[in-house]
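Visitor: 3D, please:
(one chain, ligands or ions: 2)
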Amino acid sequence: MNVRTTIERAAKSVMGALTPGEAQPDILETLHAEHEEVRELLAKLVNSDAAREQKQLVAKIKQALVPHARAEEKVVYDAIIGLRDKEAKIEGNEGYIEHSLTDVTLKKLDKLSANTPEFKAAAKVLKELLEHHIREEEKDIWAQVKENFSDEQREQMNRDFLAAKKKVKVA
Ligand SMILES: [Fe+2]
Ligand SMILES: [Fe+2]
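Guide: Ligands and ions are numbered 1, 2, ... in the order given. Coordinates of the predicted model:
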């Protein structure tokens, strides 16, 4: 390979990495950023004493959480459950169950009148459930992802995750 080809190839790969829509982060980077967003919203929710703000925060949590959870199930949990490893299958299924528990709690919260003891209790439970879930997910599920999928596969998972999220309708 001559010098010019080498330079051209290097330039192409740099441009490729910089072109929007082509450069892809690792799926785990995207998941982490979304987890942090939900964590912040939950902290604001349990600290809020204003009914209007509480309702706005619940709506924001729902918009952030529901597409995240459905796409995560499809792209991450199903991939983990599809592995031959028994432990991985259990962890993927555990994720599904925890998501269903957060779905139920979020629905309840959405129906309750804001700033009531019942609402505050549901907000607290949702925060606790999700903090536990995110902690375990980032530890156990991510260990499976890191161990079983290459950098390229994880970039592809990120594309699939973003596409799957777009298809989710939040009721
Ligand atoms: Fe997640
Ligand atoms: Fe999750």
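
Visitor: buried ones in stretch 105-112?
Guide: Of the residues in stretch 105-112, Thr105, Leu106, Leu109, Leu112 count as buried by neighbour count, 16 or more other CB atoms under 10 Å. Quick note: C-beta positions are derived from backbone N, CA and C, even for glycine.

Visitor: any idea how far that stretch is from the chain center?
Guide: The gap between where stretch 105-112 is centred and where its chain is centred comes out at 20 Å by CA atoms, centre = their mean, to the nearest Å.

Visitor: hmm, it in reach of ligand 2?
Guide: No: using CB under 5 Å from the ion as the criterion, no contacts between stretch 105-112 and ligand 2 are found, and the smallest distance is 12.9 Å.

Visitor: How about residues contacting that stretch?
Guide: With CB atoms under 8 Å, 6 or more residues apart in numbering as the contact definition, stretch 105-112 has outside contacts at Val58, Ile61, Lys62, Leu65, Val66, Glu118, Phe119, Ala122, Ala123, Val125, Leu126, Leu129.

Visitor: between the residues you listed, which is nearest ligand 2?
Guide: In terms of CB to the ion, no member of the contacts of stretch 105-112 lies closer to ligand 2 than Leu65, at 9.0 Å.

Visitor: Check which residues of the helix or strand containing that closest one are buried.
Guide: Using DSSP states H and E, Leu65 sits in helix 51-72. By neighbour count, with 16+ other CB under 10 Å as the criterion, the buried positions of helix 51-72 are 54-58, 60-62, 64-72.

Visitor: Would you mind writing the CA trace of the host helix or strand of Ala143 as CSV?
Guide: Secondary-structure assignment from DSSP H and E places Ala143 in helix 142-148. What follows is the C-alpha trace of helix 142-148 in CSV, where atoms were taken according to Å, rounded to 0.1, in the frame of the first residue of the first chain:
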residue,chain,number,x,y,z
TRP,A,142,-24.0,-5.8,31.3
ALA,A,143,-21.4,-8.4,32.3
GLN,A,144,-23.2,-10.8,29.9
VAL,A,145,-23.3,-8.2,27.1
LYS,A,146,-19.5,-7.5,27.6
GLU,A,147,-18.6,-11.1,27.7
ASN,A,148,-20.7,-12.3,24.8
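
Visitor: Good, wrapping up.
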